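Asker: one predicted model, sequence on top.
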Amino acid sequence: MSRRSNDKLLMRNLFGTCALAVVAALFQWITPVRADPRADAIERPSAEVMARALKSIWPNPKAGWEKRIEQDDTQSSCSRYRNDPPSEEAKAITERETARIVLPTDGKVLGDWKAGEKIASSGRGGQFSDPPGTENGGNCYACHQLAKSEVAYGTLGPSLTNYGKDRGYSLDAAKAAYAKIFDSEATFACSNMPRFGIHGFLSEQQIKDVVAFLFDKESPVNK
Ligand code: HEC
């Protein structure tokens, strides 16, 4: 075969390959990705089997810990709808959770931002192996950007940099943030954000401190 016809063949092959790639890309674009139909066919264990399995993992939970392995009404609803409840159910969740919010009795929602910064950075607490007296942390950085100087942060939640500054340091916005941290599901049914207040994971003072971290003019969140 001559050099020229070899080149021609190569060009034709190249053209053919490109055309195939374009057709494949177009096909993927017009056919929507469907969920694996097998997912619905998986047989799920009954609630009794699940409860037995959980109890066997923690046969002797510390006093009060049994409650931790029982879902409350909102958790079981979010599990039932795989975190995507129909709008009526979502409304029922946000209304129920709103009624659970307890704002500080002294009406103050701003604590000490330096203490709040430590709480936001700490992922401690909530484990069987915790030494007695362990203070729970909020682990806010796991999901949010806060102080710009901290480069290690997760992005599951929105960035909270300049949170107070962007809201004109308004007291109402600070109160709304307190309520959000106390019970995230009051505003967003089946939120990925933990409800820090309703089960007492963070204390009233700790939530005030975290709110100050978001709203104090001196806090690095607003610098
Ligand atoms: C496991 C991930 C996770 C953790 C931990 C978490 N959040 Fe969130 N947060 C989210 C997500 C997701 C949203 C957005 C959905 C929503 O509003 O519930 C959110 C929303 C918020 C909002 C509302 C933002 C807005 O739109 O105005 C605030 C304020 C907030 N988080 C503060 C905090 C603070 C403070 C902490 C630590 C005490 C914290 N979050 C811990 C995931 C998290």
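Answerer: Structure received.
Asker: anything in stretch 82-92 near the ligand?
Answerer: No - using Cβ under 6 Å from any ligand atom, we find that stretch 82-92 stays clear of the ligand, coming within 11.0 Å at best. Any C-beta I mention is one placed from the backbone N, CA and C, and that applies to glycine too.
Asker: all helices of the chain, in order?
Answerer: In the chain, the helices defined using DSSP state H lie at 3-30, 38-41, 47-57, 73-80, 87-98, 113-121, 163-166, 171-182, 204-215.
Asker: hey, least reliable of these by pLDDT?
Answerer: If you rank these by mean pLDDT, helix 3-30 sits at the bottom with a mean of 57.
Asker: need the pLDDT of the residue positioned nearest the centre of the chain.
Answerer: Nearest to the geometric centre of the chain sits residue 192, at 3.0 Å (Cα atoms, centre = their mean). Residue 192 carries a pLDDT score of 97 in this model.
Asker: any idea how far the residue nearest to it when sequence neighbours are not counted lies from the ligand?
Answerer: Of all residues not flanking residue 192 in the chain, residue 156 sits nearest, at 5.8 Å (Cβ to Cβ, 6 or more residues apart in numbering). Computed as Cβ to the nearest ligand atom, to the nearest Å, the residue 156 to the ligand distance reads 5 Å.
Asker: residue 156 against residue 145, yeah?
Answerer: No - between residue 156 and residue 145 there is no contact under Cβ atoms under 8 Å: 11.1 Å.
Asker: ok, those two, which is more surrounded?
Answerer: More neighbours surround residue 145 than the other of residue 156 and residue 145, with 19 against 10 (other Cβ atoms under 10 Å).
Asker: the residue found closest to that one once you drop the neighbours it is linked to in the chain - how many residues pack around it?
Answerer: Leaving aside its chain neighbours, residue 145 sits nearest to residue 159 (4.0 Å; criterion: Cβ to Cβ, 6+ apart). Neighbours of residue 159 under the rule other Cβ under 10 Å: 12.
Asker: wait, doesn't residue 209 sit right on residue 115?
Answerer: Yes - taking Cβ under 8 Å as the definition, residue 209 is a contact partner of residue 115 at 4.1 Å.
Asker: which one of those two has more residues nearby?
Answerer: More crowded of residue 209 and residue 115, by other Cβ under 10 Å: residue 209, with 24 against 16.
Asker: residues touching the more buried one, list them.
Answerer: By Cβ atoms under 8 Å, 6 or more residues apart in numbering, the contact set of residue 209 is 111-113, 115-116, 119.
Asker: may I ask which of the residues you listed has the most neighbours?
Answerer: Within those, neighbour counts (other Cβ under 10 Å) peak at residue 116, which reaches 27 neighbours.
Asker: which residue is the nearest non-sequential neighbour of it?
Answerer: Of all residues not flanking residue 116 in the chain, residue 213 sits nearest, at 3.1 Å (Cβ to Cβ, 6+ apart).
Asker: hmm, residue 125 is touching residue 131, no?
Answerer: No - using Cβ under 8 Å, residue 125 makes no contact with residue 131, being 10.9 Å away.
Asker: so the two - more neighbours on which side?
Answerer: Using other Cβ under 10 Å as the criterion, residue 125 and residue 131 rank with residue 125 on top: 14 against 5.
Asker: need the contact list for that one.
Answerer: Residues near residue 125 by Cβ under 8 Å, 6+ apart: 134-137, 201.
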